[in-house]
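Visitor: need the 3D shape of this:
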Amino acid sequence: MTDPAPGRTDFDFSRLRRRPDVEAPNLQAWDAADTLLLDTAAPDLSGAANPDQPGVVVIGDSYGALTLGAAARHGLRRLRVHQDPLSGEQALDANAADLGLPDVFSHHALTAPLAEGARLVLLRLPRSLAALEEIAALIAANAAPDVTVYAGGRVKHMTPAMNEVLARYFGSVTAGLGRQKSRVLTAASPLPPEQLPEPAFPVSQRHDVGLAQPLELWAYGAAFGGTALDPGTRFLLPHLAQARAARRAVDLGCGTGTIAAYLALTRPDLTVLATDQSAAAAASAARTLAANGVADRAVVTRADALGPLPDRSEELVVLNPPFHIGAAVHAGIALKLFADAGRVLQPGGELWTVWNSHLLYKPALARLVGPTREVARNPKFTVTVSTRR
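Guide: Purely as a prediction, here's the structure:
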(Lines give C-alpha, C1' and ligand atoms only; values in the text may rest on other atoms or scores of the structure.)
Protein backbone atom coordinates (compact mmCIF):
# COMPACT_ATOMS: atom_id res chain seq x y z
CA MET A 1 0.00 0.00 0.00
CA THR A 2 1.29 3.46 -0.82
CA ASP A 3 2.01 5.85 2.01
CA PRO A 4 -0.73 8.37 2.67
CA ALA A 5 -0.25 11.83 1.25
CA PRO A 6 0.52 14.64 3.71
CA GLY A 7 -2.60 15.63 5.64
CA ARG A 8 -4.46 12.52 4.57
CA THR A 9 -5.65 9.83 6.95
CA ASP A 10 -4.80 6.38 5.66
CA PHE A 11 -7.27 3.52 5.55
CA ASP A 12 -6.74 -0.11 6.51
CA PHE A 13 -8.37 -2.08 3.70
CA SER A 14 -7.62 -5.37 5.45
CA ARG A 15 -10.38 -4.61 7.96
CA LEU A 16 -13.05 -4.86 5.27
CA ARG A 17 -15.13 -8.04 5.13
CA ARG A 18 -17.39 -9.48 2.44
CA ARG A 19 -20.29 -10.77 4.55
CA PRO A 20 -23.07 -11.60 3.81
CA ASP A 21 -21.29 -12.64 0.62
CA VAL A 22 -19.19 -15.77 0.69
CA GLU A 23 -15.92 -15.35 2.58
CA ALA A 24 -12.95 -17.58 1.80
CA PRO A 25 -9.15 -17.38 1.98
CA ASN A 26 -8.92 -16.74 -1.77
CA LEU A 27 -11.60 -14.02 -1.76
CA GLN A 28 -11.02 -10.55 -0.34
CA ALA A 29 -13.15 -7.44 -0.02
CA TRP A 30 -10.87 -5.10 -1.99
CA ASP A 31 -8.22 -5.22 -4.69
CA ALA A 32 -5.53 -3.15 -6.38
CA ALA A 33 -8.04 -1.42 -8.65
CA ASP A 34 -9.75 0.08 -5.59
CA THR A 35 -6.50 1.53 -4.24
CA LEU A 36 -5.44 2.78 -7.67
CA LEU A 37 -8.79 4.53 -8.13
CA LEU A 38 -8.51 6.26 -4.78
CA ASP A 39 -4.91 7.28 -5.40
CA THR A 40 -5.64 8.58 -8.91
CA ALA A 41 -8.61 10.62 -7.73
CA ALA A 42 -6.91 11.79 -4.52
CA PRO A 43 -6.32 15.45 -5.56
CA ASP A 44 -9.98 15.87 -6.51
CA LEU A 45 -11.19 13.94 -3.47
CA SER A 46 -9.19 16.19 -1.16
CA GLY A 47 -10.93 19.21 -2.64
CA ALA A 48 -14.39 17.68 -2.37
CA ALA A 49 -14.71 17.68 1.43
CA ASN A 50 -17.10 20.64 1.45
CA PRO A 51 -20.08 20.09 3.76
CA ASP A 52 -22.19 22.36 1.55
CA GLN A 53 -21.62 20.18 -1.51
CA PRO A 54 -23.43 16.88 -2.13
CA GLY A 55 -20.12 14.97 -2.13
CA VAL A 56 -18.91 12.44 -4.61
CA VAL A 57 -20.79 9.61 -6.29
CA VAL A 58 -19.55 6.03 -6.01
CA ILE A 59 -20.83 3.36 -8.40
CA GLY A 60 -20.01 -0.34 -8.31
CA ASP A 61 -18.20 -0.41 -4.97
CA SER A 62 -18.01 -4.10 -4.11
CA TYR A 63 -17.85 -4.07 -0.30
CA GLY A 64 -17.01 -0.51 0.69
CA ALA A 65 -13.36 -0.02 -0.25
CA LEU A 66 -14.06 3.05 -2.40
CA THR A 67 -16.78 4.62 -0.26
CA LEU A 68 -15.16 4.11 3.11
CA GLY A 69 -11.65 4.66 1.76
CA ALA A 70 -12.67 8.04 0.34
CA ALA A 71 -14.50 9.01 3.53
CA ALA A 72 -11.67 8.01 5.88
CA ARG A 73 -8.80 9.35 3.80
CA HIS A 74 -10.35 12.70 2.86
CA GLY A 75 -13.01 13.42 5.47
CA LEU A 76 -15.81 13.10 2.92
CA ARG A 77 -19.47 12.96 3.86
CA ARG A 78 -22.73 12.77 1.91
CA LEU A 79 -21.40 10.29 -0.62
CA ARG A 80 -24.09 8.89 -2.91
CA VAL A 81 -23.54 5.20 -3.57
CA HIS A 82 -25.04 2.73 -6.02
CA GLN A 83 -24.33 -0.99 -5.72
CA ASP A 84 -26.28 -3.41 -7.88
CA PRO A 85 -26.03 -6.44 -5.52
CA LEU A 86 -27.96 -6.23 -2.26
CA SER A 87 -25.14 -8.15 -0.55
CA GLY A 88 -22.81 -5.30 -1.50
CA GLU A 89 -25.09 -2.79 0.21
CA GLN A 90 -25.28 -4.97 3.31
CA ALA A 91 -21.52 -5.48 3.40
CA LEU A 92 -20.94 -1.72 3.04
CA ASP A 93 -23.34 -1.03 5.91
CA ALA A 94 -21.66 -3.64 8.12
CA ASN A 95 -18.13 -2.46 7.29
CA ALA A 96 -19.11 1.16 7.88
CA ALA A 97 -20.48 0.26 11.32
CA ASP A 98 -17.34 -1.70 12.17
CA LEU A 99 -15.10 1.20 11.16
CA GLY A 100 -17.14 3.94 12.82
CA LEU A 101 -18.28 5.48 9.53
CA PRO A 102 -22.02 4.77 9.43
CA ASP A 103 -23.26 8.21 8.39
CA VAL A 104 -20.97 9.15 5.52
CA PHE A 105 -23.03 7.79 2.60
CA SER A 106 -26.52 7.03 1.35
CA HIS A 107 -27.73 4.25 -0.94
CA HIS A 108 -29.31 5.18 -4.27
CA ALA A 109 -30.88 3.40 -7.21
CA LEU A 110 -29.33 3.79 -10.64
CA THR A 111 -31.61 6.72 -11.46
CA ALA A 112 -31.17 10.44 -12.04
CA PRO A 113 -30.93 11.53 -8.36
CA LEU A 114 -27.80 9.41 -7.95
CA ALA A 115 -25.80 11.51 -10.42
CA GLU A 116 -27.65 14.82 -10.28
CA GLY A 117 -25.15 17.69 -10.06
CA ALA A 118 -22.21 15.38 -9.33
CA ARG A 119 -18.73 16.73 -9.99
CA LEU A 120 -16.75 13.61 -9.13
CA VAL A 121 -17.62 9.97 -9.77
CA LEU A 122 -15.66 6.91 -8.66
CA LEU A 123 -16.67 3.95 -10.80
CA ARG A 124 -15.57 0.33 -10.65
CA LEU A 125 -15.84 -0.68 -14.26
CA PRO A 126 -18.47 -3.38 -14.77
CA ARG A 127 -17.49 -6.29 -16.99
CA SER A 128 -20.64 -5.79 -19.06
CA LEU A 129 -20.48 -3.12 -21.75
CA ALA A 130 -24.26 -2.79 -21.49
CA ALA A 131 -23.95 -1.94 -17.80
CA LEU A 132 -21.23 0.61 -18.56
CA GLU A 133 -23.39 2.17 -21.28
CA GLU A 134 -26.31 2.61 -18.90
CA ILE A 135 -24.07 4.15 -16.22
CA ALA A 136 -22.29 6.49 -18.65
CA ALA A 137 -25.62 7.68 -20.06
CA LEU A 138 -26.95 8.42 -16.58
CA ILE A 139 -23.87 10.41 -15.55
CA ALA A 140 -23.63 12.40 -18.79
CA ALA A 141 -27.30 13.36 -18.66
CA ASN A 142 -27.44 14.35 -14.98
CA ALA A 143 -24.01 15.28 -13.60
CA ALA A 144 -22.51 18.76 -13.53
CA PRO A 145 -20.88 19.95 -16.78
CA ASP A 146 -17.46 19.86 -15.07
CA VAL A 147 -17.84 16.30 -13.74
CA THR A 148 -14.82 13.99 -13.76
CA VAL A 149 -15.35 10.24 -13.84
CA TYR A 150 -12.58 7.98 -12.60
CA ALA A 151 -13.38 4.47 -13.86
CA GLY A 152 -11.06 1.70 -12.74
CA GLY A 153 -10.77 -2.04 -13.04
CA ARG A 154 -8.45 -5.00 -13.36
CA VAL A 155 -6.65 -4.97 -16.71
CA LYS A 156 -7.68 -8.56 -17.49
CA HIS A 157 -11.32 -7.47 -17.41
CA MET A 158 -10.87 -4.27 -19.43
CA THR A 159 -11.19 -3.88 -23.20
CA PRO A 160 -10.75 -1.01 -25.69
CA ALA A 161 -14.54 -1.15 -26.17
CA MET A 162 -14.91 0.44 -22.72
CA ASN A 163 -13.10 3.55 -23.97
CA GLU A 164 -15.44 3.57 -26.96
CA VAL A 165 -18.54 3.38 -24.76
CA LEU A 166 -17.34 6.28 -22.60
CA ALA A 167 -16.44 8.31 -25.69
CA ARG A 168 -20.07 8.16 -26.83
CA TYR A 169 -20.99 10.24 -23.76
CA PHE A 170 -17.87 12.26 -22.87
CA GLY A 171 -15.68 14.56 -24.91
CA SER A 172 -12.50 13.46 -23.14
CA VAL A 173 -11.51 9.88 -22.29
CA THR A 174 -7.93 9.08 -21.27
CA ALA A 175 -6.22 5.98 -19.89
CA GLY A 176 -3.79 6.18 -16.98
CA LEU A 177 -0.72 4.09 -16.39
CA GLY A 178 -1.24 0.55 -15.17
CA ARG A 179 -0.32 -0.47 -11.64
CA GLN A 180 -0.55 -3.92 -10.06
CA LYS A 181 -2.49 -5.17 -13.09
CA SER A 182 -5.07 -2.40 -12.71
CA ARG A 183 -5.83 0.74 -14.71
CA VAL A 184 -8.02 3.85 -14.49
CA LEU A 185 -9.87 5.54 -17.34
CA THR A 186 -10.69 9.21 -16.80
CA ALA A 187 -13.74 10.68 -18.55
CA ALA A 188 -14.70 14.36 -18.55
CA SER A 189 -16.67 16.95 -20.55
CA PRO A 190 -20.05 15.22 -20.94
CA LEU A 191 -21.51 15.81 -24.36
CA PRO A 192 -24.42 18.26 -24.66
CA PRO A 193 -27.90 16.70 -24.57
CA GLU A 194 -28.44 16.98 -28.31
CA GLN A 195 -25.31 14.90 -28.96
CA LEU A 196 -26.06 12.10 -26.50
CA PRO A 197 -27.34 8.78 -27.86
CA GLU A 198 -30.98 7.91 -27.39
CA PRO A 199 -31.65 6.00 -24.13
CA ALA A 200 -30.82 2.34 -24.75
CA PHE A 201 -32.29 0.56 -21.73
CA PRO A 202 -34.28 -1.45 -20.93
CA VAL A 203 -34.17 -3.65 -24.03
CA SER A 204 -36.31 -6.65 -24.99
CA GLN A 205 -36.18 -9.82 -27.05
CA ARG A 206 -38.67 -12.61 -27.80
CA HIS A 207 -37.86 -16.31 -27.60
CA ASP A 208 -39.69 -19.41 -28.79
CA VAL A 209 -39.89 -21.79 -25.81
CA GLY A 210 -42.62 -24.07 -27.13
CA LEU A 211 -45.57 -22.09 -25.76
CA ALA A 212 -48.51 -20.57 -27.61
CA GLN A 213 -46.77 -17.20 -27.41
CA PRO A 214 -43.10 -16.23 -27.49
CA LEU A 215 -41.50 -15.50 -24.14
CA GLU A 216 -40.58 -11.81 -24.02
CA LEU A 217 -37.51 -10.99 -21.91
CA TRP A 218 -36.60 -7.49 -20.77
CA ALA A 219 -33.25 -6.38 -19.38
CA TYR A 220 -31.53 -3.36 -17.93
CA GLY A 221 -27.82 -2.90 -18.56
CA ALA A 222 -26.45 -4.70 -15.50
CA ALA A 223 -28.77 -7.70 -15.74
CA PHE A 224 -26.58 -10.75 -16.27
CA GLY A 225 -27.03 -12.24 -19.73
CA GLY A 226 -29.18 -9.39 -20.97
CA THR A 227 -32.16 -10.46 -23.06
CA ALA A 228 -30.54 -13.72 -24.16
CA LEU A 229 -32.17 -16.97 -23.08
CA ASP A 230 -29.62 -18.81 -20.96
CA PRO A 231 -28.96 -22.25 -22.55
CA GLY A 232 -29.13 -24.01 -19.20
CA THR A 233 -32.48 -22.40 -18.47
CA ARG A 234 -33.73 -23.37 -21.95
CA PHE A 235 -32.78 -26.99 -21.20
CA LEU A 236 -34.56 -26.86 -17.84
CA LEU A 237 -37.88 -25.27 -18.84
CA PRO A 238 -39.72 -28.22 -20.47
CA HIS A 239 -38.82 -30.52 -17.56
CA LEU A 240 -40.63 -28.26 -15.10
CA ALA A 241 -43.90 -29.89 -16.19
CA GLN A 242 -42.83 -32.76 -13.93
CA ALA A 243 -42.46 -30.56 -10.84
CA ARG A 244 -44.84 -31.17 -7.98
CA ALA A 245 -48.15 -29.39 -7.68
CA ALA A 246 -47.86 -26.27 -5.56
CA ARG A 247 -49.75 -23.14 -4.68
CA ARG A 248 -46.62 -21.00 -5.11
CA ALA A 249 -43.24 -21.44 -6.73
CA VAL A 250 -40.08 -19.46 -5.99
CA ASP A 251 -37.72 -18.51 -8.82
CA LEU A 252 -34.50 -18.16 -6.82
CA GLY A 253 -31.89 -15.95 -8.48
CA CYS A 254 -34.49 -15.01 -11.06
CA GLY A 255 -32.28 -12.91 -13.33
CA THR A 256 -34.47 -11.35 -15.99
CA GLY A 257 -37.45 -13.49 -14.94
CA THR A 258 -37.39 -16.28 -17.52
CA ILE A 259 -38.30 -19.13 -15.17
CA ALA A 260 -40.84 -17.07 -13.22
CA ALA A 261 -42.66 -16.02 -16.40
CA TYR A 262 -42.57 -19.55 -17.83
CA LEU A 263 -44.01 -21.07 -14.66
CA ALA A 264 -46.78 -18.49 -14.52
CA LEU A 265 -47.64 -19.02 -18.18
CA THR A 266 -47.70 -22.85 -17.98
CA ARG A 267 -49.44 -23.12 -14.58
CA PRO A 268 -52.36 -20.68 -14.48
CA ASP A 269 -53.27 -21.59 -10.88
CA LEU A 270 -49.77 -20.94 -9.59
CA THR A 271 -48.44 -17.76 -8.02
CA VAL A 272 -44.73 -17.04 -8.35
CA LEU A 273 -42.22 -15.25 -6.18
CA ALA A 274 -39.12 -14.13 -8.13
CA THR A 275 -36.10 -13.14 -6.06
CA ASP A 276 -32.68 -11.81 -6.97
CA GLN A 277 -30.14 -9.70 -5.10
CA SER A 278 -29.33 -7.67 -8.22
CA ALA A 279 -31.29 -4.43 -8.52
CA ALA A 280 -31.00 -4.60 -12.31
CA ALA A 281 -32.22 -8.20 -12.38
CA ALA A 282 -35.20 -7.47 -10.13
CA ALA A 283 -36.21 -4.49 -12.26
CA SER A 284 -35.75 -6.54 -15.43
CA ALA A 285 -37.82 -9.44 -14.08
CA ALA A 286 -40.65 -7.07 -13.21
CA ARG A 287 -40.67 -5.80 -16.80
CA THR A 288 -40.56 -9.36 -18.14
CA LEU A 289 -43.51 -10.50 -16.03
CA ALA A 290 -45.55 -7.48 -17.08
CA ALA A 291 -44.70 -7.96 -20.76
CA ASN A 292 -45.89 -11.58 -20.63
CA GLY A 293 -49.16 -10.68 -18.94
CA VAL A 294 -48.54 -12.49 -15.64
CA ALA A 295 -47.66 -9.62 -13.31
CA ASP A 296 -50.94 -10.18 -11.45
CA ARG A 297 -49.71 -13.62 -10.31
CA ALA A 298 -46.06 -12.88 -9.73
CA VAL A 299 -44.11 -10.75 -7.25
CA VAL A 300 -40.48 -9.70 -7.61
CA THR A 301 -38.39 -9.15 -4.48
CA ARG A 302 -34.79 -7.98 -4.22
CA ALA A 303 -33.30 -10.27 -1.59
CA ASP A 304 -30.06 -11.96 -0.62
CA ALA A 305 -30.90 -15.60 -1.36
CA LEU A 306 -34.23 -16.37 0.38
CA GLY A 307 -33.59 -14.27 3.48
CA PRO A 308 -37.15 -12.85 3.79
CA LEU A 309 -38.80 -16.30 3.72
CA PRO A 310 -39.41 -18.29 6.91
CA ASP A 311 -38.20 -21.85 7.43
CA ARG A 312 -40.31 -24.64 5.89
CA SER A 313 -42.64 -22.21 4.14
CA GLU A 314 -42.35 -23.24 0.46
CA GLU A 315 -43.41 -26.18 -1.69
CA LEU A 316 -41.40 -25.54 -4.86
CA VAL A 317 -38.16 -23.68 -5.58
CA VAL A 318 -36.51 -23.47 -9.01
CA LEU A 319 -32.90 -22.37 -9.45
CA ASN A 320 -30.29 -21.90 -12.17
CA PRO A 321 -27.37 -21.08 -9.86
CA PRO A 322 -24.48 -18.80 -10.79
CA PHE A 323 -21.02 -20.36 -10.70
CA HIS A 324 -19.17 -17.09 -10.08
CA ILE A 325 -18.97 -14.39 -7.42
CA GLY A 326 -18.25 -11.16 -9.23
CA ALA A 327 -15.30 -12.00 -11.46
CA ALA A 328 -14.23 -15.05 -9.44
CA VAL A 329 -15.32 -18.58 -10.36
CA HIS A 330 -16.39 -20.04 -7.03
CA ALA A 331 -18.91 -22.70 -5.96
CA GLY A 332 -19.67 -20.92 -2.69
CA ILE A 333 -22.62 -18.92 -4.02
CA ALA A 334 -24.35 -22.03 -5.41
CA LEU A 335 -23.87 -23.87 -2.12
CA LYS A 336 -25.30 -20.88 -0.24
CA LEU A 337 -28.39 -20.92 -2.46
CA PHE A 338 -28.82 -24.68 -2.14
CA ALA A 339 -28.68 -24.40 1.65
CA ASP A 340 -31.22 -21.59 1.77
CA ALA A 341 -33.56 -23.51 -0.53
CA GLY A 342 -33.28 -26.46 1.84
CA ARG A 343 -34.11 -24.16 4.74
CA VAL A 344 -37.33 -22.76 3.26
CA LEU A 345 -38.70 -25.96 1.72
CA GLN A 346 -41.41 -27.88 3.53
CA PRO A 347 -40.93 -31.63 4.01
CA GLY A 348 -41.69 -33.10 0.60
CA GLY A 349 -40.96 -29.76 -1.09
CA GLU A 350 -38.84 -29.78 -4.23
CA LEU A 351 -35.81 -27.87 -5.46
CA TRP A 352 -35.45 -28.07 -9.24
CA THR A 353 -32.10 -26.90 -10.53
CA VAL A 354 -29.95 -26.95 -13.64
CA TRP A 355 -26.18 -26.77 -13.54
CA ASN A 356 -23.10 -27.25 -15.66
CA SER A 357 -22.53 -31.00 -15.58
CA HIS A 358 -18.82 -30.75 -14.80
CA LEU A 359 -19.61 -29.04 -11.47
CA LEU A 360 -20.91 -32.29 -9.91
CA TYR A 361 -23.36 -30.64 -7.53
CA LYS A 362 -25.44 -33.75 -6.81
CA PRO A 363 -23.69 -34.71 -3.51
CA ALA A 364 -23.99 -31.13 -2.24
CA LEU A 365 -27.68 -31.02 -3.14
CA ALA A 366 -28.30 -34.30 -1.34
CA ARG A 367 -26.50 -33.01 1.74
CA LEU A 368 -28.03 -29.53 1.84
CA VAL A 369 -31.57 -30.28 0.64
CA GLY A 370 -32.35 -33.99 0.49
CA PRO A 371 -32.48 -37.00 -1.84
CA THR A 372 -31.57 -35.82 -5.31
CA ARG A 373 -32.60 -37.41 -8.60
CA GLU A 374 -31.19 -36.67 -12.04
CA VAL A 375 -34.05 -35.70 -14.34
CA ALA A 376 -32.17 -34.98 -17.56
CA ARG A 377 -28.63 -34.54 -18.83
CA ASN A 378 -26.94 -33.42 -22.03
CA PRO A 379 -23.24 -32.82 -22.78
CA LYS A 380 -23.33 -29.46 -21.00
CA PHE A 381 -26.11 -29.41 -18.41
CA THR A 382 -27.75 -31.56 -15.75
CA VAL A 383 -31.26 -31.07 -14.38
CA THR A 384 -31.98 -32.45 -10.91
CA VAL A 385 -34.82 -32.45 -8.42
CA SER A 386 -34.04 -32.57 -4.70
CA THR A 387 -36.78 -33.44 -2.22
CA ARG A 388 -36.72 -32.02 1.29
CA ARG A 389 -36.71 -34.73 3.93
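Visitor: and the gap between residue 266 and residue 28?
Guide: From residue 266 across to residue 28, the span is 43 Å (CB to CB, to the nearest Å). Heads up, the C-betas are built off the backbone N, CA and C, glycines and all.
Visitor: who touches the spatially closest residue to residue 318 that is not a sequence neighbour in this structure?
Guide: In this structure, residue 318 finds its nearest non-sequential neighbour in residue 352, 4.8 Å apart by CB to CB, 6 or more residues apart in numbering. For residue 352, the contact set (CB atoms under 8 Å, 6 or more residues apart in numbering) comprises 236, 239, 240, 243, 316, 317, 318, 319, 375, 383, 384, 385.
Visitor: residue 210 now?
Guide: Residue 210 sits in contact with 237, 238, where contact means CB under 8 Å, 6+ apart.
Visitor: now do the phi/psi pair for it.
Guide: Backbone torsions for residue 210, taken as degrees, to the nearest 10, come to phi 80, psi 10.
Visitor: residue boundaries of the helices in this structure?
Guide: 32-40, 42-46, 65-74, 86-98, 112-115, 129-142, 160-167, 231-236, 258-266, 279-291, 332-344, 362-368 (DSSP state H).
Visitor: could you dump these to a markdown table with mean pLDDT?
Guide: Shown next, in a markdown table, are the helices of the chain (pLDDT from 0 to 100):
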| stretch | mean pLDDT |
| --- | --- |
| helix 32-40 | 97 |
| helix 42-46 | 92 |
| helix 65-74 | 96 |
| helix 86-98 | 97 |
| helix 112-115 | 97 |
| helix 129-142 | 97 |
| helix 160-167 | 97 |
| helix 231-236 | 97 |
| helix 258-266 | 98 |
| helix 279-291 | 98 |
| helix 332-344 | 93 |
| helix 362-368 | 96 |
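Visitor: partners of the residue nearest to residue 318 in the sheet?
Guide: In this entry, residue 352 is beta-bridged to residue 318, residue 385, by DSSP bridges.
Visitor: let the chain start at 39 from now.
Guide: All right, first residue 39 from here; so that's residue 390.
Visitor: wait, residue 98 touches residue 163, no?
Guide: Yes. In this structure residue 98 lies within contact range of residue 163 using CB atoms under 8 Å: 7.3 Å.
Visitor: what's the ChimeraX line that selects buried ones from the contacts of residue 390?
Guide: Selection of the buried residues among these in ChimeraX, burial being defined by 16 or more other CB atoms under 10 Å:
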select :274,278,281,354,355,356,357,413,421,422,423
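Visitor: ok, the contacts of residue 390 vs residue 136, which is closest?
Guide: residue 357 (31.7 Å; CB to CB).
Visitor: identify the residues contacting that closest one.
Guide: Neighbouring residues of residue 357 by CB under 8 Å, 6+ apart: 289, 290, 291, 375, 376, 379, 389, 390, 391.
Visitor: tell me the pLDDT of it.
Guide: Looking at residue 357, its pLDDT is 97.
Visitor: now residue 310
Guide: For residue 310, the model assigns a pLDDT of 98.
Visitor: no further queries at this time; thank you.
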